[in-house]
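Colleague: generate a structure from the sequence data that follows.
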Amino acid sequence: MRRSFSAWLAMVFLLSTVVPLLVLSGLFAAYFDHLFVHETNRLFESTLYSVSQSIGTYVSDLARLSMIPYFQSDILGYFKDMNQGKYLTDQLVATRINKAYQLAVSQQLANVRQDVKGVLFVPFDERQTAAFLVRRYAGELEVLWDTSLREEDWYQGAVAADGNLYFPPVRPPAYYETLRNNNFYTDTEYSTFSVARLIREPDTMRPVGVIKVDAVNRVIVDLFRHIDIEGASALVLLDQTGRQIYATRALRQSLLDSALSDAQIIHAEDGAYHVSVYPVVSTPWRLLYLASEPEAQGRTRAIYLFAVLLSLLSLGISSLLFYINSRSAIRAEKQVLSAMRRVASGDLTVHLDLPKSSYYAAIATALNQTVGQLGEHITNEYKAVLDQRNAEYMALQTQVNPHFLYNILSGFVTLNRIGERAMLERQLLNLSNLFRYACKHENTATVADELTFLEEYLALQKLRFAERLQYSITSTPKVGGITLPRLLLQPLVENAIVHGLEPIDRPVRIQIYADIATRRDGERWLLLCVWDDAEGFDMRVKAEGRIGLANVEARLMLFQRGSMFHIHSSPRNGCQCTVLLPLDR
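Modeller: Below you'll find the model as predicted:
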């Protein structure tokens with residue numbers, strides 16, 4: 001017996017501690033890994049959103065600068081003169097444009113970021129061979145004698161956009177390299193991007209020319225430098241053609257092309273990457289984030305390694321505590337069983353002396369008291385009291401199964417071992433209330449008291465069956481004070497557990513319902529229903545040995561004439577027991 005009890009304790013420890021600990025460790029590791037990835041993605045999406053807004057705001061400044069002819073009529077007038085060729089034919093107009101136009105545009109450049117380096121105007125009239133450039137800090141209007149500007153894609157794109165803002169593909173403007181006193185950035189750290197717009201006369205809507213605003217990506221570079229991109233991961237700003245405007249590290253164009261192919265994961269020589277594409281507001285550009293898969297796996301491995309180490313540490317401590325406590329429990333269990341065998345054989349001189357700290361101390365005390373009282377009663381009123389107790393025992397047997405007490409005490413031992421002291425205290429109170437109620441000498445009770453008793457009884461049963469047992473108890477307030485035979489419904493609930501739940505391995509739901517039903521003639525009845533969704537049974541087959549059901553029906557007849565007790569069940573359809581007590585008789 002000792003070996004089997006030890007094996008049982010080991011199995012309980014395995015199922016109640018080791019397996020849950022391993023499962024919880026895995027779940028916690030997966031949860032924190034998911035939480036880490038989720039929070040990282042959320043924070044990075046917020047960062048990308050902020051970068052997108054900042055870039056969009058910056059580009060909006062360039063867009064407003066391309067609209068200055070519509071806000072300053074004198075600049076629009078200069079554009080008309082340039083498109084009509086007056087700059088080349090009228091010296092007075094040329095002088096005014098050289099001074100006033102250059103000054104007006106320079107003032108506009110002074111009001112925007114220093115990254116904006118120049119404004120180019122190309123007349124729409126193809127007969128005009130000159131284009132006009134105002135650069136920051138140049139101090140004069142520069143004339144470009146280059147008729148090929150109208151053939152470039154930025155010019156053609158702006159004309160096709162028909163007055164809307166056009167973003168040319170990113171490439172350095174060739175005309176800056178031909179100018180003297182070039183103040184444009186020559187540092188290879190920065191690249192050039194532009195916006196262009198077709199300008200029309202507001203009155204006639206005839207095209208006047210294309211204005212192009214050139215800037216360097218220094219603001220974009222500064223934004224990217226404030227983003228912490230680790231290891232092989234990269235953040236890239238791409239134009240509408242997929243060419244990079246700026247990237248946190250050098251990347252091959254073939255890798256960028258693969259990332260823009262709508263694939264969530266791409267593979268490269270240095271490993272796989274998770275691809276995230278985020279649009280930049282107010283532009284056709286995109287932010288591309290390549291998250292290194294090996295680095296993400298490294299973080300995941302660290303989380304799971306920590307979970308494994310924590311599990312091993314917890315398992316070691318739990319095993320040590322289990323070994324220490326199980327030895328004393330097994331020793332006490334052996335002494336209790338030996339004493340119970342002696343009592344069963346008729347030896348009433350048994351006395352157990354266990355330490356108060358032992359798990360079986362309360363059982364030993366109760367056994368000692370029981371043996372002493374039993375001996376006293378046998379001595380004084382042996383025959384009469386024994387007959388009376390036998391009769392009471394047969395009645396009580398239909399309400400409280402000793403096997404139930406054994407299972408509950410085993411559950412208490414398990415709760416104590418796993419440290420669930422709060423739940424253990426609650427269940428001990430439930431058991432105390434249950435037996436206090438069961439041992440009352442009254443023959444009747446209220447519906448409220450019965451339902452409270454069943455709530456505590458099912459709570460103790462759930463300690464054993466856990467998620468396999470689901471239950472609910474509902475009643476209307478008006479039935480709480482109605483009187484009925486005490487412990488009337490307990491055998492029905494016990495049958496649902498013993499004959500419905502125990503033989504199967506799936507969850508079972510038990511519902512208890514109390515209400516007042518009114519017949520058509522106005523007579524009121526107390527309706528009590530116990531229902532379960534277990535396997536049920538064939539009503540045509542006589543149920544042998546179910547004393548509790550016969551006890552319920554007999555007590556109903558003695559308590560109130562006209563009471564009814566119905567059972568409805570069929571295989572695989574559960575069972576419903578209905579009790580009806582007339583209230584108006």
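Colleague: quick check: the nearest residue to residue 121 once chain neighbours are set aside vs residue 540, distance?
Modeller: Taking CB to CB, 6 or more residues apart in numbering, and ignoring the residues beside it in sequence, residue 121 has residue 132 as its nearest neighbour in space, at 4.8 Å. Backbone N, C-alpha and C define where each C-beta goes, glycine included. Relative to residue 540, residue 132 is positioned 106 Å away (criterion: CB to CB, to the nearest Å).
Colleague: between those two, who's got more neighbours?
Modeller: A side-by-side neighbour count of residue 132 and residue 540, using other CB atoms under 10 Å, places residue 132 first with 24 against 6.
Colleague: list phi and psi for the more buried one.
Modeller: For residue 132, the backbone dihedrals are phi -120, psi 130 (criterion: degrees, to the nearest 10).
Colleague: close enough to count as contact, it and residue 141?
Modeller: Yes. Under the criterion of CB atoms under 8 Å, residue 132 is in contact with residue 141, at a separation of 6.1 Å.
Colleague: between these two, what contacts are shared?
Modeller: 97, 101 (CB atoms under 8 Å, 6 or more residues apart in numbering).
Colleague: so what secondary structure elements neighbour the helix or strand containing residue 411?
Modeller: Counting by DSSP states H and E, the secondary-structure element that holds residue 411 is helix 402-417. Helix 402-417 makes packing contacts with helix 2-13, helix 293-344, helix 421-438, helix 447-465 when contacts are defined by 3 or more CB pairs under 8 Å, 6 or more residues apart in numbering; DSSP states H and E.
Colleague: and it, average pLDDT?
Modeller: For helix 402-417, mean pLDDT is 74.
Colleague: try stretch 421-436
Modeller: Per-residue pLDDT values across stretch 421-436 average out to 79.
Colleague: buried residues, it. List them.
Modeller: Under the neighbour-count criterion of 16 or more other CB atoms under 10 Å, stretch 421-436 has 424, 427, 430-431, 434 buried.
Colleague: go on, stretch 203-222?
Modeller: If you call a residue buried by 16+ other CB under 10 Å, then stretch 203-222 has these buried ones: 207-221.
Colleague: mind checking the end-to-end distance for that stretch?
Modeller: For stretch 203-222, the first-to-last residue distance is 42 Å (CA to CA, to the nearest Å).
Colleague: how far is it from where the chain is centred?
Modeller: 48 Å (CA atoms, centre = their mean, to the nearest Å).
Colleague: mind showing which ranges of the stretch 351-500 of the chain have poor pLDDT?
Modeller: 356-360, 377-403, 441 (pLDDT under 70).
Colleague: same thing but 50
Modeller: For the stretch 351-500 of the chain, residues meeting the criterion pLDDT under 50 lie at 382-394, 396-400.
Colleague: ok, back up a step: export the helices and strands packed on helix 402-417 to a markdown table and tack on distance to residue 412?
Modeller: Formatted as a markdown table, the entries for these read as follows, by distance: least, CB to CB, whole Å:
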| stretch | distance to residue 412 |
| --- | --- |
| helix 2-13 | 12 |
| helix 293-344 | 12 |
| helix 421-438 | 6 |
| helix 447-465 | 8 |
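Colleague: wait, which of those helices is closest to residue 492?
Modeller: Checking these against residue 492 by CB to CB gives helix 447-465 as the closest, at 9.4 Å.
Colleague: list the buried residues in the closest one.
Modeller: The neighbour-count check on helix 447-465 (16+ other CB under 10 Å) flags 447, 449-465 as buried.
Colleague: kindly report the same for stretch 162-177.
Modeller: The neighbour-count criterion (16+ other CB under 10 Å) identifies 165-168, 170-173, 175-176 as the buried residues of stretch 162-177.
Colleague: now secondary structure too, for the residues you listed, in a markdown table please.
Modeller: Written out in a markdown table, the entries for those read as follows (DSSP: H, G, I helix; E, B strand; the rest coil):
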| residue | secondary structure |
| --- | --- |
| 165 | coil |
| 166 | strand |
| 167 | coil |
| 168 | coil |
| 170 | coil |
| 171 | coil |
| 172 | coil |
| 173 | coil |
| 175 | helix |
| 176 | helix |
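Colleague: which among the residues you listed gets closest to residue 45?
Modeller: Out of the buried residues of stretch 162-177, the one with the shortest distance to residue 45 is residue 167. That distance is 23.8 Å, counting by CB to CB.
Colleague: residues contacting that closest one?
Modeller: Contact analysis of residue 167 by CB under 8 Å, 6+ apart lists 193-195, 239-240, 283-285.
Colleague: tell me the pLDDT of it.
Modeller: Confidence for residue 167, expressed as pLDDT, is 89.
Colleague: how far does stretch 345-362 stretch from start to finish?
Modeller: Start to finish, the residues bounding stretch 345-362 are 23 Å apart (CA to CA).
Colleague: also stretch 79-97?
Modeller: 9 Å.
Colleague: give me the mean pLDDT for it.
Modeller: If you average the pLDDT over stretch 79-97, you get 89.
Colleague: neighbouring contacts of it?
Modeller: Stretch 79-97 has contacts (CB under 8 Å, 6+ apart) with 69, 78, 121, 123-125, 127-128, 130, 132, 141, 199, 201, 208-209, 211.
Colleague: now that stretch: how far from the chain's centre is it?
Modeller: For stretch 79-97, the gap between its own C-alpha mean and the chain's C-alpha mean amounts to 69 Å (CA atoms, centre = their mean).
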